[in-house]
Every structure is written in C-alpha cells, then in structure tokens.
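> how does the following fold in three dimensions:
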Amino acid sequence: MTEIMPLFSRRTLQRLVHENCSFLTDRQSQTHIDRLDDIAQLSFAYEWEVVLLNVLNKVGRVAHEKELGTRKPDVLFTSRSSPDVTFIADIVTVSDEGLEKEQPVKAFERELHQHLLKFGLRLNSFSVFFNRLEATRHGERPKVKVPKRNRLRLDYFNNDFKQFLSRVMRNPRVPDRYIVKTRDVDVWLEYNPTQRFSSMTLPAHDITYDLVRNPVYYALHNKAKKLREAQFSGTRGIILCDGGSAMFHFRKTSSYQLFFATDKVIKEFFRQNNSIAFVLLIVIEIQKSDDGRERRNVVKTELYENDFHAALNEELRIKLTTLERLFPTPVTDARSAISSVKKFGRKKEGWSFYTQLPMNGMNEIKISGRTLLGLLAGTINQQEYLKDYGFMPNQENTLPFRNPFLFNMEKGKLIKEITVEQSQLEDDDFICFKFGDPDPAVSPFALHSQTELGTISSDSPLAGIWLLDGKFPDGRTITLKLEIHQEGRKFYGALETDEGIAHINTIDVQHSSFKIGLPSYTLNEQQFDAEIVGDVNATNLSAKLILSSDNGTTLSFPFTSVRKEVKH
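Predicted structure coming up:
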C-alpha cells in the first residue's frame, strides 16, 4: 500500500476550504476543490493558495481575484483596523520540475530500483556515480550526464545492463561494475556485496550560479509584470511558496559560497523591479525537539523588503512578520511529497499511519485505522502488510521482527479493550488494542493467576533488585539489573549493564522514567542509536529497548521478562 502526501492533511484543507467560503464566492471555492482533487497534476500551488488566503484573512480582509483593470491579483488585502493599510499580491509556487525534465536523475533512480527488485537483488549493494557536462558559459549550471527520459532504456537499461545483473546473480559474492560512457551519458553502477548502504553521487546540478537564470527569478519576474499592469496605487508584493525547489533550502548566501542563494536573487530582482515592495517567502522545514528524538514539519516565513521602494507601513510589516504562528501544521515538506508522487503517482488520499505501530509493552498496540479498514475490506493484502511491517522476510529484511499480535495470541491473551484515537490534523486515526492476561478460553489452565510479561504485578513492592530480560531483533539477548532503594516517598536506583552502572537520580513516586544509552546497533545493515527507556512508580516497573536511525525510523522492543531477584 502506498500513500501520496499533500503538503497539508486533507482534513486540514477541507476545514480551510469551509472557512474560506465566508469571503470567497462559491465559484472560487469550487475551483479550489476541483484543483485539490485533480490527480492529474500536483496541487501544491492550490494548497498554498487555500492556506494563505485563510491565514491572511485572519489578520485582515481578503478579496481573491478582484478585478483591477485587466488583472485579477490573487490577494487584495485590507487591514480591518486601518482601511488605508492595503496591498495586492500574487502567490507563486516554485519547484525544480523543469530541471528534472532536462536532467531526469529521479527517473533514472526509479528505473534502476525497478530492475534490481525485478531481478531480486539487494538494493543496498549498489552505488551510482554520475559525471557532469561542464558549463559552456559563465553562470551556467553544470549538467548531469544522465540519459534523457525517453532514452533511459535505450542508452542505459538495455540488454547489456540486464546481462550485468544476470552476472551479479550468478556471482553474488564478486564485486562488479557497469559503465556507460558516451558524449551525452556518463554513469557508473558499482556492485559491492559487503556494502552496508546504497549511495548515489552526482554533481550539484540544482544550485544557482546565475542571478537571473534560475526558477526563483523567473517566477518573480513573471508575477511582477502582471502586478504592474493592475490598476492599483498601493503596495505590491509577491508571496513565494515552497514547491520543492532546492533554492528554498539555500536561502542565505555565505562569503565562501561559489553559487547564489535565494537572498541574492531576490535582491537582484528588487534592483530591477522597484514597483514591488516586498517578497514574502514561505517554506516548510523540519523542526527537531531538544533531545533530537521528535521531528515535525513547520511553516517558516521570511520577509524581504525592497530598498529601491518606499518603506513598508509599520502595521503591514508587523502583520506580515507575525503570520508564521497562524499556519496549520504541514504533514510533509514539498521535496518529500514530490518524491512520493514521482514514485507512486497521485490519489485522492492523504498520508496515513501505514507502517507505524506504536506500542506500550506487548499488551498495548496501536494500528492505523485506515490500514485496519483496508485489511478487513480486502483492499490491503495481508502478506504485503506483514512484509511492509517487517514481520516477514523480504529483500531488505531477512530477519523479521516479532509480530506483537501473534505474540499475544501465542501467549493465550485476548483483546480486552479497543478504542479510537482520533486526529484532527492528520488524515488517519489510531485504533488502540489492549490485551489482558492469558485467558483460559484459549490458554492452558493454571494453578495461580498469571501476570503480564514485561511488567511487575501491582501487589509487588517496588524497592529491591529487578532483572529485565530482552532480546534484540537478531536474537541477541540482553539483561539489565535495576536496583531500587526507597526512602520515604522517594526512590533511588542504579542500572547495571554490560557497559557499566548508571545511577538514576530521584525517582518520583507518581511518575518517573529513566533512560540509558547503549552502543550503536546495526540491524539489517542499518545503523541505529540504541537506548533503554523505562518507567517506574510506586507499584509498577516497565522497560523497553528503543532503536532510532537518522532517517527518523524508530523501533521499540519491550522487555519480555521483568522479575525480582530473590536473595537467599
């Protein structure tokens, strides 16, 4: 199953469309709906238009496409408190789509992956090296010597390439390479069976060496011409939105850079266009939490003022510089969304929680609501689902993870509670399953009641020495020794591992947690940061192993046994 991501969740966009109906005509709103649902084209421009009209209307009055002579600017803004504070602006979304058409590196990468999967070869064993065609004049971008899109299978992925893959299949332990070097194509593909990760090396072909021959300047220039033709005597501006262009990630020019960032391009645009008072840049960035474990997408704004134009009204400047806090939370950035669209195509669906499986021990498991519905409706194949979640072997995962649902079933545990964790910001919900103790309906009879693995029963005193047993996904076992001392209502402790002893300072009886870092861990040839995370209170203790990678993947493995050490 694949999900095609819009920048903002469809639930968010639907809410904004409804809100915008208060100041847009029915025809304008219907146009937005039709464009957002049009799977034949990327809808980033219309997403940004819906979002920006909504945000601007929160700090003033917005008229959309109002006739001003022969032009209909996207925005006619008027301050509610000061009707003389007004401006017109056009909204433009900038991408590198033209660059990909000219130099189809992504298309080459997709074609390569399809062939490797078809031949059943391990993706991480291959590396690609692109050479470049040097610029013929000053300021021109270097070009990657990659085949044109319509010649990929003629110039590279041809019979010679298939013979190379067949040779690799016959000799999987022998390094090999496939090279195509012509006047227009220069690409090396190397096979190394011991290589841990795949790689792709290519010249920086998406940065700007010319102040005017670049996507940002072209977009600004085209909009400035239209705004100048509008019959309007006030302030004119352009709102520049992130459509996946590399220039949105190189916004500040440093003294040591050999290329131009967006700030220099905008400054040159201002020098040649004194009729435009400001450019408001809108970009989606990834923001990390202080500990680096959590990431979320946020909208950032940057206001550029034209020194060759009269200064902005101070009230207007304040409104434009404080818009950032009013934007809804995006679900992804533009480049990630484009990559998803290029790979899978577009659908009238937002991003789901597919492949996410949050767990609190083995007895509390969350699953995507849309995924569960798809499994029950038969639109999601169960075998593919198990492979995608790593519960069955596949090309990239020869050592499957433990299926927590199967684990509970084998332990004779049944579902005791199901709840729905609804989300207003995301396009999916979580279905939360809670499992009880072993049930005699499906498990052997027992003399005494059985406690859940991974926790301590509520009638056990917390103070003492506890042994926590767990197992890494590759079968390696780990045992922790946790010693807890109680003084009044306070708890203290020490955690002993093979790496030494870590002291746990004051433990709150009501709520506390401990964390201890472990050496980095390699799983399925991917590097992870490892740590033990535990929770303790007056009557309960639980712990789990957390593996985190740089690409945001987080895996959680609860300890399968927590027991108190008995002193003789």
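> please, where are all the strands along the stretch 251-400 of the chain?
Taking DSSP state E, counting those that start in this stretch to define them, one finds strands in the stretch 251-400 of the chain at 278-288, 295-305, 364-368.
> who are the packing partners of the second one?
This points to strand 295-305. Contacts defined by 3 or more C-beta pairs under 8 Å, 6 or more residues apart in numbering; DSSP states H and E place strand 295-305 against helix 262-272, strand 278-288, helix 314-321. Using the backbone N, CA and C atoms, a C-beta is placed for each residue, glycine as well.
> follow-up on the earlier one: let's have the strands of the stretch 251-400 of the chain in TSV, adding distance to S81, mean pLDDT and mean neighbour count.
Converted to TSV, the strands of the stretch 251-400 of the chain look like this (distance: least, C-beta to C-beta, whole Å; pLDDT from 0 to 100; neighbours: other C-beta atoms under 10 Å):
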stretch	distance to S81	mean pLDDT	mean neighbour count
strand 278-288	20	91	18
strand 295-305	20	91	16
strand 364-368	45	92	19
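> turn these into JSON lines, including distance to I338.
Shown next, in JSON lines, are the strands of the stretch 251-400 of the chain (distance: least, C-beta to C-beta, whole Å):
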{"stretch": "strand 278-288", "distance to I338": "12"}
{"stretch": "strand 295-305", "distance to I338": "14"}
{"stretch": "strand 364-368", "distance to I338": "23"}
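> so which residue is dead centre in the protein?
Nearest to the mean C-alpha position of the chain, by C-alpha atoms, centre = their mean, lies T332 at 5.2 Å.
> what's around K226, how many residues?
Number of residues near K226 (other C-beta atoms under 10 Å) recorded here: 15.
> same question, A219
Residues contacting A219 under the criterion other C-beta under 10 Å number 22.
> these two touch, right, it and V94?
Yes - A219 lies in contact with V94 (C-beta atoms under 8 Å); the separation is 5.0 Å.
> between those two, which contacts overlap?
By the contact definition C-beta atoms under 8 Å, 6 or more residues apart in numbering, A219 and V94 are jointly contacted by L240.
> what's F130 sitting at in phi/psi?
For F130, the backbone dihedrals (degrees, to the nearest 10) come out as phi -100, psi 130.
> which strand residues bridge it?
Beta-bridge pairing for F130 (DSSP bridges): V187.
> wait, it sits on T201?
Yes - using C-beta under 8 Å, F130 makes contact with T201 at a distance of 6.8 Å.
> which one of these two is surrounded by more residues?
Higher neighbour count among F130 and T201: F130, with 19 against 10, using other C-beta under 10 Å.
> contacts only, for the more buried one.
By C-beta under 8 Å, 6+ apart, the contact set of F130 is 105, 144-146, 186-187, 200-203.
> any idea how far it is from K181?
Here the criterion is C-beta to C-beta, to the nearest Å. By it, F130 lies 11 Å from K181.
> then D84?
Distance from D84 to K181, counting by C-beta to C-beta: 66 Å.
> does K544 count as helix, strand or coil?
At K544 the chain is in strand, as set by DSSP: H, G, I helix; E, B strand; the rest coil.
> for the stretch 351-500 of the chain, give me the ranges with low pLDDT.
For the stretch 351-500 of the chain, applying pLDDT under 70 flags the ranges 393-400, 447-463, 472-476, 485-500.
> show me where it has helices.
369-377, 382-388, 404-410 (DSSP state H, counting those that start in this stretch).
> relative to M362, which of those helices is closest?
Of all those, it is helix 404-410 that lies closest to M362, at 5.3 Å by C-beta to C-beta.
> if the closest residue to T321 other than its chain neighbours is in a bridge, with which residues?
Nearest residue to T321, sequence neighbours excluded (C-beta to C-beta, 6 or more residues apart in numbering): L303, at 5.4 Å. Beta-bridge pairing of L303 under DSSP bridges involves L280.
> R317 is in contact with L303, correct?
Yes - counting by C-beta under 8 Å, L303 does reach R317; the two are 7.2 Å apart.
> show me what counts as buried in stretch 33-53.
For stretch 33-53, the neighbour count (16 or more other C-beta atoms under 10 Å) marks 36, 42-53 as buried.
> where's the dip in pLDDT among the residues you listed?
Lowest pLDDT within those is found at L42 (59).
> tell me the domain boundaries of this structure?
Structural domains assigned to the chain are 10-96+208-344, 99-201, 364-438, 464-564, following automatic domain parsing.
> so how far does the third one reach from one end to the other?
Distance across domain 364-438, first residue to last, is 14 Å (C-alpha to C-alpha, to the nearest Å).
> could you do stretch 246-260 as well?
Stretch 246-260 end-to-end distance (C-alpha to C-alpha) = 12 Å.
> make 59 the first number, not 1, from now on.
Renumbered: residue one is now 59, and that last one reads stretch 304-318.
> what residues are up against N189?
By C-beta under 8 Å, 6+ apart, the contact set of N189 is 202-203, 244-245, 261.
> now do E382
Listed by C-beta under 8 Å, 6+ apart, the contact set of E382 reads 357-359.
> again with V108
With contact set as C-beta under 8 Å, 6+ apart, V108 has these partners: 71, 74-75, 78, 90, 94.
> that older thread, next, format the contacts of N189 as a markdown table and append distance to T380 and pLDDT.
Formatted as a markdown table, the contacts of N189 follow (distance: C-beta to C-beta, whole Å; pLDDT from 0 to 100):
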| residue | distance to T380 | pLDDT |
| --- | --- | --- |
| V202 | 41 | 79 |
| K203 | 47 | 85 |
| D244 | 50 | 89 |
| V245 | 48 | 90 |
| P261 | 40 | 63 |
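> quick check: of those residues, which lies closest to P64?
So of the contacts of N189, ranked by how close each gets to P64 (C-beta to C-beta), first place is V202, at 29.0 Å.
> which stretches of the stretch 259-408 of the chain have low pLDDT?
For the stretch 259-408 of the chain, the stretches flagged by pLDDT under 70 are 260-267, 309, 311-317, 348-352, 397-406.
> can you name the two of the buried residues of stretch 91-111 that are farthest apart?
Pairwise across those, and taking C-beta to C-beta, the largest span is found between L100 and L111, at 18.9 Å.
> and for P502, the neighbour number?
Neighbours of P502 under the rule other C-beta under 10 Å: 7.
> now do the contacts for the residue lying closest to it once chain neighbours are set aside.
Leaving out its chain neighbours, the residue that sits closest to P502 by C-beta to C-beta, 6+ apart is G470, at 7.2 Å. Contacts for G470 (C-beta under 8 Å, 6+ apart) come out as 496-497, 500-502.
> residue contacts, S137?
Residues in contact with S137 (C-beta under 8 Å, 6+ apart) are 117-119, 143-144, 373-374, 377.
> related to what we said a few turns ago, closest one to P416 among the domains of the chain?
Nearest to P416, of all the domains of the chain, is domain 422-496, at 4.4 Å by C-beta to C-beta.
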